[in-house]
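>>> this is the structure alone, sequence omitted:
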DNA sequence: GCAGTCTACTGAACTGGTTAAGTGGACAAT
DNA sequence: ATTGTCCACTTAACCAGTTCAGTAGACTGC
């Protein structure tokens, strides 16, 4: 199967990609001897080994991944399917950082990443994993964005595909999971607002199909209740218009009932919330304080800059990669807790306006 | 090689992954007959074909990619190495959109994407391509971020690795290239500013190691010269502090010499520029108009919102994927021009303050 | 001098799917 | 009845590695 395109002559076998047989032939050895030499196994003399390695280097030999996998080796690849709308800025920053961290660890452990980007469609996601696994392309997968009653977990378990869940941990499963203590993060956020004198707050979160959104809402409710604060929770979407609409809904009431602080589910929601609050003729942080549950450069660039709960997504991705690499090698690390988010206090949170 | 983990019994061959041989055995046929049936080739009866397909479906068979590649099939994978700092917001949005478009087309054409994220290090990038290619993991690669005197082009050509360059076109190479008419985009930007009465403008661009930054600078210079406008060009960096520093440099002069408009190389640079202009006690767009060469949600969320040249990066990625898929199949589409950017006029550009 | 052991290799089978070449039987034409 | 032509299938080689089971030769021990 010669390569297409301008290939006059085609200097050598397989478009210049030498095989172990070429090395063997050039040195008058058998394929087996060359294989032993290249893999540092006993059974070849020191002198011969050196010659083999030199020849491999000179010819620019690389082992055929297909041949190795066919013999039963790991594919050296892990799969990741993204089923989210790429238009969401929060997701973009999360994803690129997560990916960079993930990839760094995988590279260190000799793996690569097979990526697929699809719309929000869990069926296609599991079908992709099933196909990749069936085709022996991957050794395992990373599951992002755990959903309420997520079907992917049971399906991957049934297919015996090694997987690391970013979410959980799940009670009934042995799948390793990277989980965040959203309750603790909620405490951090609510405590900050309490300290500033806020007694009536709102939480405008993302879609409740995501488990982390449920956890956050529950965390905020409990943290507020524990402090005797009133709290209004609204399910919104990650898009700007949704966040703006719910901001109008929550804050467009009499000053006496109006929350004095809003915790948004993401930086994009907070940014659009700021604009909506401005439309309502309210001042941030004078009338309303604003806090975002995700941090990003956006939070620092808009005015006022937005106080935010910050998580190291690079480390998150790296941890996920490490857990999966371990799992593929037979070591299940179980439930791993991520470090708590830190609060970045900026200009959008301030003292509550004293009632009256 | 049984999978690790809880695998009591291990129901079937290769952890539940049946082979063509299993199908053949279960039906009392030869492997060849099954292969012909599964691939829709002549040589099997209609009845037999149906039985084979039914058995494959029931067993959940997928063809082993390794086995096919070993026989000479394409890998069905294209490679992409990112060598940029993931901290750059502009890059994040560009990348995720580009990726989504790229992946969509690749999926339609039966390919997947192998991804690697590394720091800014061209040597490691080419080494990764070389290894992937040597290991028969990929059919081709996408080259992003063309650099001045980019070594990657010649190296990939020498290795005969099919590649599509996002940049170019190059005079001496037959590598397909997706190129942008930066001169035309510069015309659009400068014309907009001229129409608003600006006669003295600045361009604060990104690093000149990138070919597109050079093209843009040249485009701005020529478009301005053609209109008799004065122009100051500064090489900056994609980070916020660099953009802020150069903004102070360019605008911290007497009002008589001060440019009345600045074209920034990216949305992040523009956002940080806005903050710097505010620090200088200048008003946007009253004293200075601001234009960004990349658009994103950030440009719409900061105040004032930033006028920007917008490019459809989803379509860009899709086009790159299509060109590469064509190239792998032997069809070189040569130099393909991307659609011109469109100007999104927002609040940051306004009439020039009349001199005096 | 001959068995025993070790070293340094070779030969061949094997992985799963593809494919050229071959085979046996049914059927038609002559 | 013979020849030819299909059809529907089988056999076996092949891809590039890995690995098990040899094996030739050198060396040791007695």
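Yes, it's here. None of these values were measured; they are calculated from a predicted model. Numbers count the residues shown, from 1 in each chain, chains lettered A, B, ... in the order given.

>>> so which residues of chain A form strands?
Secondary structure of chain A by DSSP state E: the strands cover A:77-83, A:112-118, A:140-143, A:163-166, A:177-179, A:200-205, A:230-235, A:261-264, A:289-292, A:307-310, A:335-337, A:342-344.

>>> looking at these, which is closest to residue A:92?
strand A:77-83 (10.8 Å; Cβ to Cβ). In short, each C-beta sits where N, CA and C put it, glycine included.

>>> parallel or antiparallel, which strands does the closest one pair with?
strand A:112-118 (parallel), strand A:140-143 (parallel) (DSSP bridges).

>>> and for the shortest one, what's in contact with it?
By Cβ atoms under 8 Å, 6 or more residues apart in numbering or on different chains, the list of residues contacting strand A:140-143 from outside reads A:78-81, A:102, A:129, A:132, A:150, A:152-153, A:156, A:161-167, A:320-321, A:324, A:327-328.

>>> buried set for it?
By neighbour count on 16 or more other Cβ atoms under 10 Å in any protein chain shown, the buried set for strand A:140-143 is A:140-143.

>>> one step back: make JSON lines from the strands paired with strand A:77-83 and add distance to residue B:348 and mean pLDDT to it.
JSON lines is the format used below for the strands paired with strand A:77-83 (distance: least, Cβ to Cβ, whole Å; pLDDT from 0 to 100):
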{"stretch": "strand A:112-118", "distance to residue B:348": "32", "mean pLDDT": "93"}
{"stretch": "strand A:140-143", "distance to residue B:348": "40", "mean pLDDT": "96"}
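
>>> how about CSV for the ones you listed, with distance to DNA strand D added?
CSV is the format used below for those (distance: least, Cβ to the nearest atom of the strand, whole Å):
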stretch, distance to DNA strand D
strand A:112-118, 17
strand A:140-143, 21
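
>>> want to try CSV for those, with distance to residue A:246 as columns?
As requested, the strands paired with strand A:77-83 are exported to CSV (distance: least, Cβ to Cβ, whole Å):
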stretch, distance to residue A:246
strand A:112-118, 28
strand A:140-143, 29
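
>>> tell me which of those sits nearest to residue B:210.
strand A:112-118 (24.4 Å).

>>> select the longest helix from chain A.
What stands out as the longest helix in chain A, according to DSSP state H, is helix A:89-108.

>>> what is that helix packed up against?
With contacts taken as 3 or more Cβ pairs under 8 Å, 6 or more residues apart in numbering or on different chains; DSSP states H and E, helix A:89-108 sits against strand A:77-83, strand A:112-118, helix A:267-279, helix A:297-301, helix A:313-328, helix B:89-108, strand B:112-118.

>>> next, the angle from it to helix A:313-328.
50 degrees (axes from the mean of the first three to the mean of the last three Cα atoms, to 10 degrees).

>>> buried residues in helix A:89-108, which are they?
A:89-107.

>>> repeat for stretch A:283-301
Buried, per 16+ other Cβ under 10 Å, within stretch A:283-301: A:284-285, A:287-301.

>>> what does stretch A:21-38 give?
Per 16+ other Cβ under 10 Å, stretch A:21-38 contains these buried residues: A:22-24, A:27, A:29, A:33-38.

>>> pLDDT value on the residue of the stretch 251-356 of chain A found nearest DNA strand C, please?
Closest contact between the stretch 251-356 of chain A and DNA strand C, by Cβ to the nearest atom of the strand, is at residue A:328 (18.7 Å). At residue A:328, the model reports a pLDDT of 95.

>>> for burial, what's the neighbour tally of it?
22 (other Cβ atoms under 10 Å in any protein chain shown).

>>> ok, now how distant is it from chain B?
8 Å (Cβ to the nearest Cβ, to the nearest Å).

>>> surely that residue meets residue A:161?
No: checked against Cβ atoms under 8 Å, the pair residue A:328 and residue A:161 is beyond contact range at 10.5 Å.

>>> contact partners for the residue nearest the centre of chain A?
Closest to where the C-alpha atoms of chain A average out (Cα atoms, centre = their mean) is residue A:98, at 4.6 Å. By Cβ under 8 Å, 6+ apart, the residues touching residue A:98 are A:144, A:313-314, A:316-317, A:320.

>>> which one of those is nearest residue B:209?
residue A:314 (24.5 Å).

>>> what's the burial count for that closest one?
Applying other Cβ under 10 Å, I find that residue A:314 has 18 neighbouring residues.

>>> on the pLDDT front, check it for me.
94.

>>> which pLDDT value belongs to the closest residue to it other than its chain neighbours?
Nearest non-adjacent residue to residue A:314, counting by Cβ to Cβ, 6 or more residues apart in numbering or on different chains: residue A:101, 3.9 Å away. We have a pLDDT of 94 for residue A:101.

>>> so which of the strands of chain A is the most packed in?
Of all the strands of chain A, strand A:261-264 carries the top mean neighbour count, a mean of 30, counting by mean count of other Cβ atoms under 10 Å in any protein chain shown.

>>> mind giving me the packing neighbours of it?
With contacts defined as 3+ Cβ pairs under 8 Å, 6+ apart, the packing partners of strand A:261-264 are helix A:182-195, strand A:200-205, helix A:240-251, helix A:267-279, strand A:289-292.

>>> quick check: residue A:311 vs residue B:87, distance?
Per Cβ to Cβ, to the nearest Å, residue A:311 is found 15 Å from residue B:87.

>>> higher neighbour count, those two?
Comparing residue A:311 with residue B:87 by other Cβ under 10 Å, the one with more neighbours is residue A:311, at 20 against 16.

>>> name all residues that make contact with that one.
A:180, A:294-295, A:338-339, A:341.

>>> now it: how far from residue A:339?
Counting by Cβ to Cβ - residue A:311 and residue A:339 are separated by 8 Å.

>>> which residues of the stretch 101-250 of chain A lie near chain B?
Counting by Cβ under 8 Å from any Cβ of the partner chain, the residues of the stretch 101-250 of chain A close to chain B are A:103-104, A:107, A:112-118, A:130-137, A:159-160, A:162, A:174, A:240.
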